[in-house]
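Chemist: Here you go, sequence then predicted model.
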Amino acid sequence: MKVIKKEDLENFVDELIANNEKEVVGVKSKDSKYVFDKLENAEELELDYDVTILPPKKYFMPQRETLVEYETREGIEMEAVNEVVPRIIIGIHPYDLEAIKQMDKVFADSPEDDNYLEKREKSVLIGVNMKQISEWSFAGSMGTATIEDGYDLMLTDLGDRYAVEIGTSKGRELLERESLEMRDAEPEEVEEVENIEENIQNGFEKELDFSPQNLPWLLAENYGDEDFWEENAEDCYSCGTCNIVCPTCYCFDVQDFSDISLEEGERMRQWDGCMLEAFAEVAGGENFREERAERYRHRYMRKGRYLYNRFGDIACVGCGRCSSQCVPDIADPTDIFNKLWSDKDE
Amino acid sequence: MNKKDSPYLPENATILSVEKMAEREKLFEIELDSGEQLGHDPGQFVEVSVPGVGEAPISISSSPTKEGNSFELCIRKVGNVTNVIHNLKEGDKIGIRGPYGEGFPVEELRGHDVIFIAGGLGIAPLRSLINYSLDNREEFEDIKILYGCRKPCELLYEDEVEEWRDMNNIDYRETVDECPDDVCWEGNVGVITTLIPGIDIDLDNSYTVVCGPPIMYRFVLQELKEKKVPDERIYLSLERRMKCGVGKCGHCQINGEKEELYVCQDGPVFNYDNIKDFEEAL
Amino acid sequence: MKPEERPKAAFFDFAGCEGDQLQVANLEEKILDLLNIVELVSFREVMTEHSDDYDVAFIEGSITDSHAEERLKEIRNNADIVVAIGACATIGGINSIRNAQDFEKVQERVYGDEREHYEAWEKAKPAKAVVDVDYEVHGCPIDREEFLHVVQSIVMGREPNIPDYPVCVECKLNENVCAFERDEFCVGPVTRAGCDSCCVNEGTICWGCRGMIDNPNEEAHEEVLEEYGLTAEEVMKKFDLYFTWQKEAREDE
């Protein structure tokens, strides 16, 4: 573990920005909220934020992304496209790092999706331990309040200094600058970081009443409880907000956009959501999840069971974005999961 | 980026011929511009690409045993991409990705009786296996084909059906839901399920392969149950809106209590026993 | 595309402000690109010529009396493809605010003592309430890019991508702070996306100019707005700006 003074970290970030080798992005404020965005200078960085509107996933799988360019003047010419901007991403909370680890598995699964993987590979992830905890977050229950790996560097605020944990050689190389004033952590500082991480565990207002390892069977057991899902989905707008803001949602739609000549254009993918009405519709109009309740159930099944079956992870990291941004306030996973848990013996 | 790296990049292909089969269906014969064979199994699908319009998943309708390098797609005019494909003609270019998915279990069916039940456009994916088994007739025991559509004018693959009618090494039966008075039709009139009671099924030695619209599955499966056909001896092919074809986009996932399946990778052909508990499957 | 293959297009205005045609006129240099794929035979905002020989008719404005109805039916007969552009033509628009009001008072307010000389329907209607409409370009005003996309799609023979999901999707993609989190209220959750949440991007709210999606959860949204402290009357006002005709049509179903 290393230690760096806060002003030295600021200088370091400014240097990275000036250096221009990689785009430097970090957490900035936007009105009363926070977003990951390009940094103009280190002062903009808000490392004591609670949660960002969108997760940093957008840097590896952008909201809208060109997959193929085509041209049809003579026959067809199609070319694969991947716009990779190498980035240093500063200020990722542990739950988002966990989500990125999960997405890495999804896109590395055969056949590999290089549009994601290449962007991911060319990025440096600098995590930060939470200083403020969103009132909607339940990362403590999901085991994602702190994290052992998945970052290149990990920062912990120690008042006038940051403790820096080096996760990978990519992280270490970033620190190899003559101008950077950094020293080894003292034993007390190592202990302080341990204490901070321990305290974070206890800082959550929301929690699951049980271990998330129970989710797969709990959801399977209640899959057929139609009344339960209908009741809870009654106020659902099918607006897809909970999907779009989720760090482990990765479904997408693909559409072609030609330019006005009609002879060239782009095939683009855009984030999609299983809560949207047409998501499971096929040509001809048959819709395999026509009811709000079916789509509502699907999201929970996917977070707590399906992706676990496929990739071995509970695909909810407890960030609380879905519940905090749901206008009718019906998307809180702890609410649904705890209800199912407390009803299980009935 | 290396072109080969993107699973989303189609290969160029050329339409060799177009044949109108019914009011909404055309048969397209297609060859990859690379000159290579598609290399598919019966029951697999491809993503057909019209730049500027998009992609649509289409079942491959020809058997891998078909001569030459081309393959066939029977396409119904039913959505954005397929409407535009219907305007294409011989010599036009399209894009192809695939073949994708799990096709029919040819190895498992070999040496057994096979009963094909096709409703409407369901004949298209089934034909890849029917023709495969006819081309390798000695590898299969009794072959029965039950084919139903709404009206005589909607019958697809008329020339081939004419041959099936006359073949003495298969049992071919057909039906239409309704027949207008002024149309000559010698076959049965009634829904496809009305053909099932009349056939003998050797329960220990036969497989039934079904393909058709969701509503047909419900009734056919009911009728097969009456006949005591074991669920694990039934195969069927499902339709979903597969956007990527490679298990990423999430659109074709179907859910059950215990498991989830991706039609594009685990299917489109499924053993009925494996999906019967899936509320969203049929 | 060869010049003689271009479909002939004509614009027609009914009750409305012509703001949508202005959007098209404001395409500026892109108008020239547009002319590569369609031949304009009638568009009074940019040209004096007029012809009744057209393939594609663009309809702006709502239909508010029997003269308009007849004229629109004639256009429908002449055209292969009818495209409604702008909220007045697609959902009745601002004109349909009066649909929920006392008609005599509405007439008096507009025509005063002269009101018996003017024939007007009690309710303003979108084009599709009078004739079959093939395509709709939503919005008040329409989005220029979306207009071009629809024209392109018509020329290519494909379906345009017109979303049937709420504005919330685009608003979140754009990482906006939700209006509800700014202590404001909007109808984005029931309004058709496709505008790239342009109003919220600029820090305001969604007023619903693209109309409700096909299957909105309007009851839930009314409840939610009340929970956020709006009175029933205020809630109705939120919905009345653009949704009056659609709401009635849904109730009649």
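Modeler: That came in fine, so what should we check first?
Chemist: Between the two ends of stretch B:274-282, how far is it?
Modeler: With C-alpha to C-alpha, to the nearest Å as the measure, stretch B:274-282 spans 12 Å from end to end.
Chemist: chain center to it, what's the gap?
Modeler: 19 Å (C-alpha atoms, centre = their mean, to the nearest Å).
Chemist: again, but for stretch A:140-159
Modeler: For stretch A:140-159, the distance to the chain centre is 14 Å (C-alpha atoms, centre = their mean).
Chemist: buried residues in that stretch?
Modeler: A:140-147, A:150-158 (16 or more other C-beta atoms under 10 Å in any protein chain shown). Just so you know, the C-beta spots here come from the backbone N, C-alpha and C atoms, and that holds for glycine as well.
Chemist: again with stretch C:176-184
Modeler: Applying a neighbour-count criterion of 16+ other C-beta under 10 Å, the buried positions in stretch C:176-184 are C:176-180, C:182.
Chemist: need the residues of chain C near chain A, please.
Modeler: C:1, C:30, C:33-34, C:36-37, C:148-149, C:152, C:155-156, C:161, C:164-166, C:168-169, C:172-178, C:180-182, C:188-190, C:213-217, C:220-221, C:223-224 (C-beta under 8 Å from any C-beta of the partner chain).
Chemist: Which ones among the buried residues of stretch A:140-159 map onto helices?
Modeler: Using DSSP state H, the subset of the buried residues of stretch A:140-159 located in helices is A:140-142.
Chemist: which one among the buried residues of stretch C:176-184 gets closest to B:Y157?
Modeler: B:Y157 lies nearest to C:N176 out of the buried residues of stretch C:176-184, by C-beta to C-beta, at 53.6 Å.
Chemist: residues touching the closest one, list them.
Modeler: Applying C-beta atoms under 8 Å, 6 or more residues apart in numbering or on different chains, one finds that C:N176 lies in contact with A:53, C:197, C:200-201.
Chemist: what's A:V254 in contact with, if anything?
Modeler: A:67, A:267-269, B:8, B:54-55, B:243-244, B:249.
Chemist: Show me which residues of chain B sit near chain C.
Modeler: B:52-54, B:79-81, B:83-84, B:87.
Chemist: Filter those residues down to the buried ones and hand me the PyMOL line.
Modeler: Provided next is the PyMOL selection string for whichever of those are buried by 16+ other C-beta under 10 Å:
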select buried, chain B and resi 52+53+54+79+80+81+83+84
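Chemist: which among the residues of chain B next to chain C are in contact with chain A?
Modeler: Contacts with chain A within these, as defined by C-beta under 8 Å from any C-beta: B:52-54, B:79-80.
Chemist: Serialize the residues of chain B next to chain C to a markdown table and add fields for secondary structure and pLDDT.
Modeler: A markdown table is the format used below for the residues of chain B next to chain C (DSSP: H, G, I helix; E, B strand; the rest coil; pLDDT from 0 to 100):
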| residue | secondary structure | pLDDT |
| --- | --- | --- |
| B:G52 | coil | 94 |
| B:V53 | coil | 94 |
| B:G54 | strand | 95 |
| B:G79 | coil | 86 |
| B:N80 | helix | 90 |
| B:V81 | helix | 93 |
| B:N83 | helix | 93 |
| B:V84 | helix | 94 |
| B:N87 | coil | 94 |
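Chemist: Out of the residues of chain B next to chain C, flag the one nearest to chain A.
Modeler: B:G79 (3.4 Å; C-beta to the nearest C-beta).
Chemist: check contacts around the nearest residue to that closest one once chain neighbours are set aside.
Modeler: Closest residue to B:G79 apart from its sequence neighbours, by C-beta to C-beta, 6 or more residues apart in numbering or on different chains: A:A283 at 3.4 Å. Counting by C-beta under 8 Å, 6+ apart, A:A283 touches B:56, B:78-80, B:82, B:241.
Chemist: and which of the residues you listed is nearest A:N195?
Modeler: Once C-beta to C-beta is applied, the member of these that ends up nearest A:N195 is B:R241, at 51.5 Å.
Chemist: hmm, back to that, for ChimeraX, write the select line for the buried members of the residues of chain C next to chain A.
Modeler: Remark: buried members of these, expressed as a ChimeraX selection using 16+ other C-beta under 10 Å:
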select /C:34,37,148,149,152,155,156,161,165,166,168,169,172,173,175,176,177,178,180,182,188,189,190,213,216,217,220,221,224
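Chemist: Show me where the stretch 101-250 of chain B has its helices.
Modeler: B:106-109, B:123-135, B:158-166, B:214-226 (DSSP state H, counting those that start in this stretch).
Chemist: sec struct for B:F28, please.
Modeler: Classification of B:F28 using DSSP: H, G, I helix; E, B strand; the rest coil returns strand.
Chemist: Contact partners for it?
Modeler: B:15, B:17-18, B:72-75, B:85, B:88.
Chemist: distance of the spatially most central residue of chain A from chain C?
Modeler: The centre of chain A sits closest to A:P247, judged by C-alpha atoms, centre = their mean, with a distance of 2.8 Å. Between A:P247 and chain C the computed distance is 13 Å (C-beta to the nearest C-beta, to the nearest Å).
Chemist: element containing that residue, please.
Modeler: Taking DSSP states H and E as the definition, one finds A:P247 inside no helix or strand.
Chemist: and the gap between A:Q132 and A:T52?
Modeler: 12 Å (C-beta to C-beta, to the nearest Å).
Chemist: ditto for C:D164
Modeler: 29 Å.
Chemist: if we can go back for a sec, looking at A:Q132 and A:T52, which is more packed in?
Modeler: Under the neighbour definition other C-beta atoms under 10 Å in any protein chain shown, A:Q132 and A:T52 were set side by side, and A:T52 has more, 27 against 14.
Chemist: How about the contacts made by the nearest residue to the more buried one once chain neighbours are set aside?
Modeler: The shortest distance from A:T52 to any non-neighbouring residue, by C-beta to C-beta, 6+ apart, is to A:Y34 (4.7 Å). Contact analysis of A:Y34 by C-beta under 8 Å, 6+ apart lists A:27-28, A:46, A:49-53.
Chemist: Please report phi then psi for A:V254.
Modeler: phi -130, psi 130 (degrees, to the nearest 10).
Chemist: OK, contacts around the residue nearest in space to the middle of chain B?
Modeler: Nearest to the mean C-alpha position of chain B, by C-alpha atoms, centre = their mean, lies B:P125 at 1.4 Å. By C-beta under 8 Å, 6+ apart, B:P125 lies in contact with B:43, B:45, B:59-61, B:211, B:237, B:268.
Chemist: again with A:A233
Modeler: A:292-293, A:295-297, A:330.
Chemist: Could you check the pLDDT of the residue lying closest to it once chain neighbours are set aside?
Modeler: Leaving aside its sequence neighbours, A:A233 sits nearest to A:Y296 (C-beta to C-beta, 6+ apart; 3.6 Å). Per-residue confidence (pLDDT) for A:Y296: 93.
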